[in-house]
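Engineer: Sequence unavailable; structure follows:
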């Protein structure tokens with residue numbers, strides 16, 4: 001076998017495979033170049049999921065005539081000069097592989113003009129072959145037109161998904177980049193329809209509103225933290241807008257959208273006290289970290305990085321998230337004014353700027369105007385769009401309500417529907433869900449005892465014999481020590497049967513066998529040892545089983561004691577599932593309803 005040196009064309013195609021795997025990769029690379037070129041308006045237009053056309057236009061610095069052809073050569077970049085610069089990268093793109101890789105597998109047209117130049121230039125290149133270079137009239141900035149991705153590599157093209165799916169990938173990338181740069185106005189046009197438009201006014205909350213809509217924006221908590229190792233700014237979502245996946249975990253390091261196990265775990269650890277396992281938070285947080293502590297040169301896509309001082313920033317992130325979520329009262333205020341139409345809730349992401357369509361032509365009524373050659377809706381006045389409503393809770397009153405000083409002033413009115421307790425306090429009426437409240441109390445009590453290694457067990461007068469399948473028996477045997485830590489004393493009995501001789505004290509009065517079987521069933525899908533996060537989930541599920549249910553009548557004394565316990569919780573406003581424990585209605589709202597005031 002002989003060793004040969006690959007020709008440049010083959011090398012370019014290999015590099016393209018590392019950097020460009022689908023249309024969204026092209027969009028990401030070109031948009032990042034626009035940002036590095038100091039653009040304040042960026043328009044992204046695609047057709048057929050970006051497979052047939054991607055057009056990206058910006059009002060940035062443009063490219064000098066002498067640099068145009070060089071920009072398409074491998075490892076040509078204006079961002080770094082040598083290995084020393086790799087230690088202090090501040091731009092989004094720096095490898096100099098993007099344009100070369102895109103040109104290797106696509107038909108590319110570049111139109112660019114610098115502010116200093118009298119005219120612009122058009123350069124066309126297909127599969128690394130130059131097609132044309134000419135002087136033309138053009139506005140300041142740069143436009144990239146990319147057609148027919150993988151036109152010369154059909155084997156790769158067949159791995160692309162449907163146009164709708166590829167569009168989704170592109171939309172997600174644009175959303176992430178727009179959130180990391182609220183000072184830039186982004187427009188995303190898919191098959192002639194404007195799908196995303198952000199104002200670019202530097203206000204992050206306005207950008208969140210443009211992308212996610214009112215419901216999300218109304219349930220945000222601001223975070224602002226700084227120490228010698230890290231700075232955190234942005235917004236954290238309340239438990240009520242959590243999801244079953246990490247798609248809404250948006251975090252950025254020095255303005256770069258990345259994926260980091262360390263960051264994700266730290267954020268989720270901070271949320272652990274209000275979210276159950278398999279629920280993930282909504283976040284939009286930018287982390288400023290000294291570039292000497294991070295290495296972005298880990299993967300060709302620049303989506304991953306290493307953090308050398310992770311052990312120092314991890315606890316800071318956890319505590320910052322936790323404190324931000326604890327400190328702000330989170331009592332939902334119920335409005336009784338039915339004269340205002342409730343907003344229609346939809347499962348998909350809101351598209352707040354999508355306009356009515358002409359029924360005959362099925363075309364959007366949005367008229368696009370060109371500003372520095374960037375398309376944006378002409379008849380949408382973003383400044384007049386209603387701002388996201390701020391929390392209407394009276395914060396000081398909400399603190400009093402669950403403070404020790406306020407407790408003597410609580411007046412328990414009674415129970416309705418054998419589920420909800422009404423409490424009067426000053427000029428507010430509070431409604432407490434007894435199940436959600438008891439669930440939260442049990443969850444925090446069990447969590448604290450587990451963390452302090454203070455779980456107590458109650459011996460059963462008659463052992464419970466578990467008749468298990470082979471699969472479930474293996475689960476119990478695998479996690480036997482962990483069950484004992486939680487407070488279950490379980491011993492092998494015979495064959496696949498086990499004897500339960502003691503249970504956690506909190507579960508003694510319940511159907512302990514039912515609770516235990518529920519935990520075993522949950523473990524069935526788990527692989528490997530039971531890690532702390534999974535223990536947390538099981539304790540949370542135990543607290544659900546151990547809690548007072550709805551439609552259960554309890555006494556005034558029991559309700560009063562429950563409110564006392566809720567008062568002592570670290571975060572009393574949500575149950576472990578993220579549902580509210582308390583809502584309130586103001587005296588003013590009731591008086592409006594009865595027309596006492598207008």
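Structural biologist: The structure has been received and is ready for your questions. Since the structure is predicted, the reported quantities are computational estimates derived from the model, not experimental observations. Numbers count the residues shown, from 1 in each chain.
Engineer: and the gap between residue 569 and residue 556?
Structural biologist: 21 Å (Cβ to Cβ, to the nearest Å). (C-beta placed from N, C-alpha, C; glycine too.)
Engineer: Compare neighbour counts for these two and give me the winner.
Structural biologist: residue 569 (19 against 12; other Cβ atoms under 10 Å).
Engineer: Tell me how many other residues crowd the closest residue to that one other than its chain neighbours.
Structural biologist: Spatially, and ignoring its direct neighbours in sequence, residue 569 is nearest to residue 444 (5.0 Å; Cβ to Cβ, 6 or more residues apart in numbering). Summarising burial for residue 444: neighbours were counted as other Cβ under 10 Å, giving 20.
Engineer: now swap in residue 432 and tell me
Structural biologist: For residue 432, the neighbour count with other Cβ under 10 Å is 25.
Engineer: what are the phi and psi angles of it?
Structural biologist: The phi/psi pair for residue 432 (degrees, to the nearest 10) reads phi -110, psi 130.
Engineer: Model confidence score at the residue lying closest to residue 281 once chain neighbours are set aside, please.
Structural biologist: By the measure of Cβ to Cβ, 6+ apart, the closest residue to residue 281 outside its immediate chain neighbours is residue 271, 4.8 Å from it. In this model, residue 271 is scored at 89, pLDDT.
Engineer: Residue 64 too?
Structural biologist: The per-residue pLDDT reported for residue 64 equals 93.
Engineer: just residue 303 next, same as before
Structural biologist: You'll see residue 303 listed with a pLDDT of 52.
Engineer: quick one on the thing from earlier: go ahead and confirm the residue nearest to residue 569 touches residue 574.
Structural biologist: No: judged on Cβ atoms under 8 Å, residue 444 makes no contact with residue 574 at a distance of 11.2 Å.
Engineer: What ranges does the stretch 351-500 of the chain have for its helices?
Structural biologist: Counting by DSSP state H, counting those that start in this stretch, the stretch 351-500 of the chain has helices at residues 395-401, 434-451, 470-478, 480-486.
Engineer: Show me which residues of the longest one are buried.
Structural biologist: When neighbours are counted by 16 or more other Cβ atoms under 10 Å, the buried residues of helix 434-451 are found to be 434-447, 449-450.
Engineer: rewinding a little: would you single out the least confident of the helices of the stretch 351-500 of the chain?
Structural biologist: The weakest mean pLDDT among the helices of the stretch 351-500 of the chain belongs to helix 395-401, with a mean of 57.
Engineer: Could you list the low-confidence segments of this structure?
Structural biologist: Judged by pLDDT under 70, the chain has its weakly predicted residues at 1-19, 74-96, 276-277, 295-305, 308-309, 327-399, 506-512, 521-551, 577.
Engineer: One more pass at 50, please.
Structural biologist: Applying pLDDT under 50 to the chain flags residues 1, 6, 14-17, 76-96, 299-302, 338-397, 525-530, 532.
Engineer: check contacts around the residue nearest to residue 223 when sequence neighbours are not counted.
Structural biologist: Leaving out its chain neighbours, the residue that sits closest to residue 223 by Cβ to Cβ, 6+ apart is residue 324, at 4.6 Å. Taking Cβ atoms under 8 Å, 6 or more residues apart in numbering, we find residue 324 in contact with 221, 222, 223, 236.
Engineer: ok but the third one is inside a strand, no?
Structural biologist: Yes: according to DSSP: H, G, I helix; E, B strand; the rest coil, the state of residue 223 is that of a strand.
Engineer: check contacts around it.
Structural biologist: Contact analysis of residue 223 by Cβ under 8 Å, 6+ apart lists 232, 233, 234, 235, 236, 285, 320, 321, 324.
Engineer: If you tally nearby residues, what's the number for residue 269?
Structural biologist: The local packing of residue 269 (other Cβ under 10 Å) involves 18 other residues.
Engineer: Please report how far it lies from residue 319.
Structural biologist: 10 Å.
Engineer: Show me the strands in the stretch 201-350 of the chain, by range?
Structural biologist: Residue ranges of the strands in the stretch 201-350 of the chain, as given by DSSP state E, counting those that start in this stretch, are 220-226, 231-237, 249-253, 256-257, 283-288, 294-295, 306-307, 332-333.
Engineer: what angle sits between the fifth one and strand 249-253?
Structural biologist: Orientation check (axes from the mean of the first three to the mean of the last three Cα atoms, to 10 degrees): strand 283-288 against strand 249-253 gives 10 degrees.
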